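Novice: Okay, here's the prediction I keep looking at, along with the sequence it came from:
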Amino acid sequence: MTTWAQLSFQESASPMMEQMINFHDHTMMILVTITMMVGYIMASMFWNKQTNRNLLDGQKIETAWTILPVFVLILIAMPSLRLLYLMDEISEPSITMKTIGHQWYWSYEYSDFNQVEFDSYMTPTNELEENMARLLEVDNRAVLPMQTQVRILVTAADVLHSWTVPSLGVKVDATPGRINQTSFFMNNPGLYYGQCSEICGANHSFMPITIESVSTKTFLTWVQKMDEA
């Protein structure tokens, strides 16, 4: 969950998040370049009393500042549209998990297995063990296999919620009476944390999400234990 100087994104745990970070870096380079160019021109005009009139008025300069932004917008729009398409594309999922937002906890149902469903509440601060993340750890983690295409079905039982895991590049609104879906692919094993990103009431900040990415063998063992419980 560490970020560079606490200013950048969380370390990516999925190919989609890697694409989003690359697009962010690409766009920021364009914005920094434009800002430096405009800043240099404004500073030159401020300090140079004999400003070249061709810099302020003329057909050539007007043509330039009309055409150049078009190319800049194309440089931003093309990768942006590609990324939007990839985010909406639901590949052939190997497993489906349904999550339901409540005030103020999450419920999970594994549609591919019988009797695998549970509620996930935030672990109180006085019950935290060593190395547990405060306000992010839960009593029942959502266990999913890594290197597997996972489909998430998201809805809510009462008010609007938002199922969000930044390191996976996932943010889906949980709307009562409607099911939204998305998919993701986890590269590595580990714990990935998220929180409800919709202001859903008094305890909005106390309904975290914890995804535990494990190997397929470990996941099947966990499913078997849940079936027997």
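Specialist: Great, that's in hand.
Novice: residue ranges for the helices of this structure, please.
Specialist: Along the chain, the segments classed as helices by DSSP state H run 15-47, 59-88, 216-228.
Novice: Pull out the buried residues from the longest one.
Specialist: Of the residues in helix 15-47, those buried by neighbour count under the rule 16 or more other CB atoms under 10 Å are Met16, Met17, Gln19, Met20, Ile21. For every residue, glycine as well, the C-beta is placed using N, CA and C.
Novice: Would you reformat the residues you listed as TSV and include pLDDT and distance to Glu198?
Specialist: Output for the buried residues of helix 15-47, formatted as TSV (pLDDT from 0 to 100; distance: CB to CB, whole Å):
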residue	pLDDT	distance to Glu198
Met16	90	21
Met17	91	20
Gln19	92	24
Met20	91	20
Ile21	91	24
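Novice: quick check, nearest of those residues to Ser120?
Specialist: Met17 (22.1 Å; CB to CB).
Novice: For the nearest residue to the closest one once chain neighbours are set aside, grab the count of nearby residues.
Specialist: Nearest residue to Met17, sequence neighbours excluded (CB to CB, 6 or more residues apart in numbering): Gly169, at 3.5 Å. Residues within reach of Gly169, counting by other CB atoms under 10 Å, total 23.
Novice: Identify the residues contacting Met97.
Specialist: Contact analysis of Met97 by CB atoms under 8 Å, 6 or more residues apart in numbering lists Tyr108, Glu109, Tyr110, Ser111, Ala142, Leu144, Val150, Arg151, Ile152, Leu153.
Novice: quick one on the thing from earlier: Asn126 is nearest to which of the helices of the chain?
Specialist: Proximity to Asn126 (CB to CB) singles out helix 216-228 among those, at 27.1 Å.
Novice: Identify each buried residue in that closest one, please.
Specialist: Using 16+ other CB under 10 Å as the test for burial, helix 216-228 gives Phe219, Trp222, Val223, Met226.
Novice: For Asn203, what are phi and psi?
Specialist: Reported as degrees, to the nearest 10, the phi and psi values for Asn203 are phi -100, psi 30.
Novice: residues touching it, list them.
Specialist: Asn203 makes contact with Gln103, Trp104, according to CB under 8 Å, 6+ apart.
Novice: coming back round to it: farthest pair in the buried residues of helix 216-228?
Specialist: Phe219 and Met226 (10.5 Å).
Novice: Spatially central, which residue of this protein would that be?
Specialist: The centre of the chain sits closest to Gly169, judged by CA atoms, centre = their mean, with a distance of 2.8 Å.
Novice: got the contact list for it?
Specialist: So Gly169 contacts Ser12, Ser14, Met16, Met17, Gln19, Met20, Met87, Phe184 (CB under 8 Å, 6+ apart).
Novice: Kindly provide the distance from the first one to Gln19.
Specialist: When you say that, I think you mean Ser12. Distance from Ser12 to Gln19, counting by CB to CB, to the nearest Å: 9 Å.
Novice: just the buried members of the contacts of Met97?
Specialist: Buried by 16+ other CB under 10 Å: Tyr108, Tyr110, Ala142, Leu144, Val150, Arg151, Ile152, Leu153, out of the contacts of Met97.
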